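Student: coordinates for the following, if possible.
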Amino acid sequence: MGVPIVYRKSAEQALASYDFIDIASGTGSVIYYLGTGSSTNKIIKPILASETFYSHNIMSGASWTPGTDVKAVDIDWDIQFNLPQVIRGSAIFNIPLAHFTDATDTTIFSVVKVRKWDGINETTLATITGTNFIATNNGVSTTLQTLAGDIPLTAFKRGEFLRITTEVYGTTISGTTQESYVGCDPNGRISGANDVRAFASGDISVGTAIIPFRIDL
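Tutor: Predicted coordinates:
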C-alpha cells in the first residue's frame, strides 16, 4: 500500500483573510469596522465586522450632564470567533468624535479597551487613552483620534468574543447639557436618516480597529 499524500493549505490561502501581513513579527492584521444595526424589537445593536456596510446610525453616543471626567459614552462592539484564534502585537484604532454643545470650554477624550469575552466573564487585555480634544465651536466640534497599543499574546476559543469598548469622557464647567458621539459608518456617510445629529462636510465617520493575529508562516 502506498503512503497517502497529505495536501496542506498553501500559504497564499492561509493568508488571504488578512488585510496586512508582517512577516518579521509573524502577525496578520484584520481591519474591523464599527457600526450599528436594528435587531429584534427595533433595538439598536453595536456591530464589529470585517466587511464594510451601511450602518443603521452614522454615529453612536449620548447626552451628559456637565462635570469633570464624566463618562459620556460606553459602547461594546463584539465579534464572535467561529474558530480558535490567537491575538498578539500592536493594534491601531481610528475613533471619529463629534461633540455638540452651546459652550466653548468642553474637553473630551476617547478610551479604547480591548477585551476577551466568553459571554459571562470579561477580561481586559489593553487600555489605550487618547489625547484631550477641546471642543471650541459653539455648536459642533469634530476630530479623529488615532490610538495605538500592544495586545499581549491571548488565545480565544471557538465561540468566544473579541470585544472593543469605546468610551468618551468629558469635562466642562458649563451648565449646558452636552452630547458626545463616536462615528460608526463603515461607508463614511456624514449624515443619516436615523440620526438627529450629523458630521460636517469633510469629516471622517469611519471607526476602525486594526487587530493583529498570530500566524504560522
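Student: hey, let's count contacts and neighbours off CA atoms from now on
Tutor: Fine.
Student: quick check: which ranges of this protein have low pLDDT?
Tutor: 1-16, 104, 137-138, 217 (pLDDT under 70).
Student: quick one, strands of it?
Tutor: 20-22, 27-38, 44-49, 59-64, 70-80, 85-100, 106-117, 122-129, 133-135, 140-156, 161-171, 178-183, 208-214 (DSSP state E).
Student: report the distance from the third one to the chain centre.
Tutor: In this case it means strand 44-49. Remark: strand 44-49 is offset 10 Å from the chain centroid, using C-alpha atoms, centre = their mean, to the nearest Å.
Student: which other residues reach it?
Tutor: 32-39, 56, 75-79 (C-alpha atoms under 8 Å, 6 or more residues apart in numbering).
Student: would a markdown table of the strands of the chain with distance to residue 199 and mean neighbour count be doable?
Tutor: Below are these laid out as a markdown table (distance: least, C-alpha to C-alpha, whole Å; neighbours: other C-alpha atoms under 10 Å):
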| stretch | distance to residue 199 | mean neighbour count |
| --- | --- | --- |
| strand 20-22 | 29 | 15 |
| strand 27-38 | 15 | 22 |
| strand 44-49 | 19 | 19 |
| strand 59-64 | 9 | 20 |
| strand 70-80 | 17 | 19 |
| strand 85-100 | 7 | 21 |
| strand 106-117 | 17 | 21 |
| strand 122-129 | 23 | 15 |
| strand 133-135 | 14 | 20 |
| strand 140-156 | 7 | 17 |
| strand 161-171 | 17 | 22 |
| strand 178-183 | 9 | 25 |
| strand 208-214 | 17 | 23 |
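Student: residue 192: which of those strands is closest?
Tutor: For the strands of the chain, the distance to residue 192 is smallest for strand 59-64, at 9.0 Å, taking C-alpha to C-alpha.
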